[in-house]
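Student: With the input below, show me the fold.
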Amino acid sequence: MTTAARDDTAADGLRVGGLRVSFGSATVVDGVSFSVAPGECVALVGESGSGKSVTARSLLGLSGGRVDVDRLTLGDRDLSTLDDRAWRRVRGARIGLVLQDALVSLDPLRPIGREIDDALRLHTDLGPRQRRERALEVLAEVGMPDPETRLGQRSGELSGGLRQRALLAAALVLRPDVVVADEPTTALDAEVQRLVVDRLAALRDGGTAVLAISHDLGVVRRLADRVLVMRDGVVVEQGPTADVLDSPQADYTRRLVAALPGGVPRGRRLSRGDVGEEQEAQAQEAREAAMQEAREAAAQEAAAPVDDVVLSAEGLRRVFPATRGRAARLAVDDVSLELRAGETLGLVGASGSGKTTTARLLLGLDEPDGGAVRLLGEPWSPLRERDRRARRASLGAIYQDAASSFDPRLTVEQLLADAITAGRSLRTAPVRAEIEALLDRVGLPPGLAPRRPASLSGGQRQRVAIARALAPRPRIVVCDEPVSALDVSVQAQVLDLLDDLQRDDDLSYLFISHDLDVIGHMADRVAVMHEGRIVEQGPTADVFASPQHPHTRALLAARP
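Tutor: Okay, here's the model as predicted:
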């Protein structure tokens, strides 16, 4: 953490006073004021829709709404009166922006060297050779391996962590006075997340003003000097990071902190909603008693000679063949695992370790080059799809980006009808009744049925994704990063929902996540992947308390 003292009378730094942003008649940011001094990091936290990102984008003239502000200055420069042409001279040169989704933010048709070169070409007098040297220099600064090769690669040829580093390099190449980082670590594994956070911390310590927007309070604790907590467009609490996170004063901040999964035992709820502490304690006691009864019943069932393995893999291998400019890649190498009835098996590892490829092999969405998968005791893969079709309803999936997994032209009702009727999309009275029941099970009102996914919040979309996965009444659900893009309070609600559904329906989950705190809260057992292989597995508490493999130790050490 920087030791630089904050000077409110300094003429430099970024200062915002009385910021108001509205879209039509709706005010989404109302009277926000703060400053970020050189050598300081200020974090904005809050739920989706609280106004964090709109606030940040307003500082670059990119909010898209009507902006009224009493004061917006960078050093001695008044930004409140800039027109579009003047803003283009400020963006990148004096204020850099690091966005969340590098895959969308980078042009898929251009090499990343061109992305970085654009800023230098537009804002400097450097020649082509000097611009290339500066691009290589900044890629090395953000920890990009083999910068010479990466300059010529497009975003689709890079892993998520490498794309985020390329985006960070593009934002930093002009050495701006202020860096606005909007969810820069979302969906990154712990090691890559640490690299990004360490780079932003180095910028801060080198005198750059950093404004960080994040739903990850662990990242905020590691990086930020001060925190502003936003709700419904208003700052409800602010102060030094340790004070706000360790001793929150506002009820809303206390709920955010309480929703963190780290250290919360398996089965204990993370979200409290609007109930009082006494009622929640009583409800928790009832839930724990019910869970104890369920464990005792399960122990009795376990005494019977029944094979409780519902999904298994033995010796899975997947090689992606060579393509133009890329060598063949061994993505999954001799992977064996078992998922048992009613349990959650966590699958963790760095980006590119083979987690998602393994999930696709288990789901039968890709065919292995070696090994086999068994579903409910019967062969599953390799097998012809027509031979699998009758059992496919037993296996469901929830993906990281619900919006991308939906057909945007379909309404919620159409999406669920399609899942209920196995693609026939029938909307008879029984199907409509089942849609309403599914929405109720995942905590959504029936009034959402006619709406399309783009009109829903992130949390609502993920609940619809869960409803769609449940529609065929599966026994097993593969959850591939199902909460990585959600803010902490919505994440808590979704994790509690998954717990409730598992208990009610005796579901088995394969739960893939880069967030080890989420895995620690959700998983009974955990398997750790590294370079396509499972290097360690066992009961989650044992693996986390006493990791045996160096990669597991590195992942745990990288946690915020």
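
Student: pLDDT below threshold where in the protein?
Tutor: 1-11, 101-104, 187, 272-307, 324-326, 425 (pLDDT under 70).

Student: Domain map for it?
Tutor: 14-94+176-258, 110-171, 309-408+461-557, 410-451 (automatic domain parsing).

Student: could you dump those to CSV with mean neighbour count?
Tutor: (Each C-beta comes from the backbone N, C-alpha and C, glycine too.) Converted to CSV, these look like this (neighbours: other CB atoms under 10 Å):
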stretch, mean neighbour count
domain 14-94+176-258, 19
domain 110-171, 19
domain 309-408+461-557, 19
domain 410-451, 16
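
Student: looking at these, which is closest to R266?
Tutor: Across these, the minimum distance to R266, taken as CB to CB, is reached by domain 309-408+461-557, at 6.6 Å.

Student: Switch the domains of the chain over to CSV; also include distance to S271.
Tutor: Formatted as CSV, the domains of the chain follow (distance: least, CB to CB, whole Å):
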stretch, distance to S271
domain 14-94+176-258, 8
domain 110-171, 28
domain 309-408+461-557, 4
domain 410-451, 10
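
Student: For my notes, confirm R317 occurs in a strand.
Tutor: Yes: per DSSP: H, G, I helix; E, B strand; the rest coil, R317 lies within a strand segment.

Student: Show me what it bridges to in the sheet.
Tutor: D333, G370 (DSSP bridges).

Student: Isn't it up against D366?
Tutor: No: checked against CB atoms under 8 Å, the pair R317 and D366 is beyond contact range at 11.8 Å.

Student: Spell out the secondary structure type for L174.
Tutor: Following three-state DSSP, the label given to L174 is coil.

Student: contacting residues for it?
Tutor: Taking CB atoms under 8 Å, 6 or more residues apart in numbering, we find L174 in contact with G92, A93, G96, A119, L120, H123, T124.

Student: so can I have CSV of those residues showing distance to G377?
Tutor: Below are the contacts of L174 laid out as CSV (distance: CB to CB, whole Å):
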residue, distance to G377
G92, 58
A93, 63
G96, 55
A119, 57
L120, 60
H123, 63
T124, 65
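
Student: which one of those residues is nearest Q537?
Tutor: Using CB to CB, the contacts of L174 come closest to Q537 at G96, 41.5 Å.

Student: Tell me how many other residues crowd that closest one.
Tutor: 25 (other CB atoms under 10 Å).

Student: Against V21, how distant is it?
Tutor: Per CB to CB, to the nearest Å, G96 is found 21 Å from V21.

Student: again, but for L311
Tutor: Distance from L311 to V21, by CB to CB: 48 Å.

Student: same deal with P430?
Tutor: In terms of CB to CB, P430 sits 46 Å off from V21.

Student: R94 against R175, yeah?
Tutor: No: with contact defined as CB under 8 Å, R94 does not count as touching R175 (9.8 Å).

Student: Please, where are all the helices along the stretch 251-400 of the chain?
Tutor: With DSSP state H, counting those that start in this stretch as the criterion, the stretch 251-400 of the chain has helices at 251-258, 277-302, 355-363, 385-388.
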